[in-house]
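A.B. asks: using only what follows, build the 3D model:
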Amino acid sequence: MAGHRSNSQSERDSASSRTPVSLHRFIVFTVACTFLLLIAGALVTSNDAGLSVPSWPFAPGTILPRMVGGVLYEYSHRMVAGFVALLTLGLAVWAWMREPRRWIRWLAITALILVVIQAALGAITVLFYLPPAVSTAHAALAQFFFCTLVALALFTGDWWQSDLPAQRESARPSLCSVGVATVAVIFIQLILGAAFRHNAFGVLPHVFGAGLVTGMVAWTVTIVFTRYADVEPLRRAARLLLSLLVVQVVLGIAAYWAVLYQSQLPQPYPLPVVITVAHVVNGALVLAAGVCLTLVAFRLFQPGPEFALLPELRPRPEHSKHAASAGTP
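C.D. replies: Residues are numbered from 1 along each chain as shown. Below is the predicted model:
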């Protein structure tokens with residue numbers, strides 16, 4: 001009976017030190033809503049609707065204007081943004097109250113800070129008539145905010161919090177370092193794409209960046225498939241990243257055609273708008289997939305520093321001994 005009570009107490013302690021399932025699901029829901037926000041923001045730019053509502057945060061003289069023409073895209077974007085901001089506020093408060101890991105709580109607060117900065121950039125974009133640098137920063141920060149929430153969803157999921165065996169990565173360059181470099185290159189490429197869409201400069205830097213991203217993703221995926229083909233989480237993440245990149249290259253070619261075609265028309269037409277929006281949104285998914293693959297690699301190969309895992313979720317003694325016998329520091 002004593003042993004049974006001890007096991008039950010251990011299970012309760014373990015459950016109490018994990019992220020509540022309801023909080024994790026709320027984070028996933030916030031990620032989904034943020035993805036819709038990215039679509040809404042891309043629709044504003046692709047429909048040239050950025051100044052359809054020249055005041056901020058509400059329309060002149062009313063909270064709910066007639067949702068027609070460019071106002072439909074611009075004001076819908078603001079409404080979805082406000083909803084996501086409220087969700088992020090709720091997420092930060094909930095995480096601060098119920099999340100046992102301090103670093104996760106601070107990451108949730110960071111997400112809240114990002115959404116506040118994003119709102120400020122949105123206001124400046126409208127009130128100062130779409131300055132290219134601010135509009136580009138607004139678009140780039142949206143991608144960063146989205147990936148922050150994706151990371152939170154991964155950190156609070158069952159897989160991240162499970163007791164995984166310690167593994168050694170002896171080959172160089174390491175997948176972790178290559179993954180970080182790949183994510184950095186993808187993010188820079190998204191900034192270049194945003195700058196092109198907001199008329200900061202021409203398309204050539206973005207085209208060059210696309211080639212660099214393709215090479216870095218190919219390098220990362222090759223490392224996974226040649227070194228860790230038997231590690232299912234890495235293999236699954238690599239397949240997702242590669243698939244999204246292929247789609248992104250196709251959409252990029254189509255989007256360039258759409259921009260040239262649209263420039264000859266008096267107003268935005270549906271097909272070019274759909275193609276350019278799909279290209280922007282899929283770019284966010286490519287970045288998120290790269291972030292997930294890199295984080296999975298860190299979780300498998302570098303489970304430290306100690307704050308990354310809860311005490312009862314660190315590698316079991318037998319795993320540590322096995323790692324030590326294999327020469328892991």
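A.B. asks: quick check: mean pLDDT across stretch 65-79?
C.D. replies: For stretch 65-79, the mean per-residue pLDDT is 92.
A.B. asks: just stretch 293-302 next, same as before
C.D. replies: 92.
A.B. asks: same deal with stretch 195-209?
C.D. replies: Per-residue scores along stretch 195-209 average to 89.
A.B. asks: what of stretch 259-278?
C.D. replies: Rounded mean pLDDT across stretch 259-278 is 85.
A.B. asks: determine how far the last residue of it lies from the first.
C.D. replies: 13 Å (C-alpha to C-alpha, to the nearest Å).
A.B. asks: show me where the protein has helices.
C.D. replies: Applying DSSP state H to the chain gives helices spanning 2-16, 21-46, 69-98, 102-127, 132-155, 158-161, 175-197, 204-227, 232-262, 270-301, 317-325.
A.B. asks: out of those, which is closest to Ser52?
C.D. replies: Set against Ser52 and scored by C-beta to C-beta, the helices of the chain come closest in helix 69-98, at 3.2 Å. For the C-beta atoms, the positions are set from N, CA and C on the backbone; glycine is no exception.
A.B. asks: so which bits of that closest one are buried?
C.D. replies: 70, 72-75, 77-78, 80-81, 84-85, 87-88, 91-92, 94-95 (16 or more other C-beta atoms under 10 Å).
A.B. asks: before we move on, back to that, ok, which of the helices of the chain comes nearest Gln167?
C.D. replies: helix 270-301 (5.3 Å).
A.B. asks: let me know the pLDDT of Gln167.
C.D. replies: Listed pLDDT for Gln167 reads 78.
A.B. asks: for the helices of the chain, give me a markdown table that also has distance to Gln167.
C.D. replies: Listed next are the helices of the chain as a markdown table, based on distance: least, C-beta to C-beta, whole Å:
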| stretch | distance to Gln167 |
| --- | --- |
| helix 2-16 | 22 |
| helix 21-46 | 25 |
| helix 69-98 | 29 |
| helix 102-127 | 22 |
| helix 132-155 | 18 |
| helix 158-161 | 15 |
| helix 175-197 | 11 |
| helix 204-227 | 11 |
| helix 232-262 | 10 |
| helix 270-301 | 5 |
| helix 317-325 | 8 |
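A.B. asks: and of these, who's closest to Phe58?
C.D. replies: helix 69-98 (8.3 Å).
A.B. asks: which other helices and strands does the closest one contact?
C.D. replies: If you count contacts as 3 or more C-beta pairs under 8 Å, 6 or more residues apart in numbering; DSSP states H and E, helix 69-98 packs onto helix 21-46, helix 102-127.
A.B. asks: ok, which of these comes nearest Arg239?
C.D. replies: Once the helices and strands packed on helix 69-98 are compared by C-beta to C-beta, helix 21-46 is nearest, at 20.2 Å.
A.B. asks: report all helices and strands that the closest one contacts.
C.D. replies: Helix 21-46 packs on helix 69-98, helix 132-155, helix 270-301, going by 3+ C-beta pairs under 8 Å, 6+ apart.
A.B. asks: which among the ones you listed is found nearest to Phe201?
C.D. replies: It's helix 132-155; of those, that one is closest to Phe201 (C-beta to C-beta) at 8.5 Å.
A.B. asks: now that closest one against helix 270-301, angle please.
C.D. replies: 50 degrees (axes from the mean of the first three to the mean of the last three C-alpha atoms, to 10 degrees).
A.B. asks: list the buried residues of helix 132-155.
C.D. replies: For helix 132-155, burial by neighbour count (16+ other C-beta under 10 Å) applies to 132, 134-155.
A.B. asks: what about it, average pLDDT?
C.D. replies: Computed over helix 132-155, the average pLDDT equals 96.
A.B. asks: same check on stretch 30-48?
C.D. replies: Here the average pLDDT along stretch 30-48 is 96.
A.B. asks: next, the buried residues of it.
C.D. replies: For stretch 30-48, the neighbour count (16+ other C-beta under 10 Å) marks 30-31, 33-35, 37-47 as buried.
A.B. asks: then stretch 120-133?
C.D. replies: Leu121, Gly122, Ile124, Thr125, Val126, Leu130, Pro132.
A.B. asks: and for stretch 52-67?
C.D. replies: Ser52, Val53, Ala59, Pro65.
A.B. asks: isn't the third one right up against Met67?
C.D. replies: Looking back up the chat, that one is Ala59. No: Ala59 is beyond contact range of Met67, at 10.1 Å (criterion: C-beta atoms under 8 Å).
A.B. asks: common neighbours of those two, please.
C.D. replies: Tyr75 (C-beta atoms under 8 Å, 6 or more residues apart in numbering).
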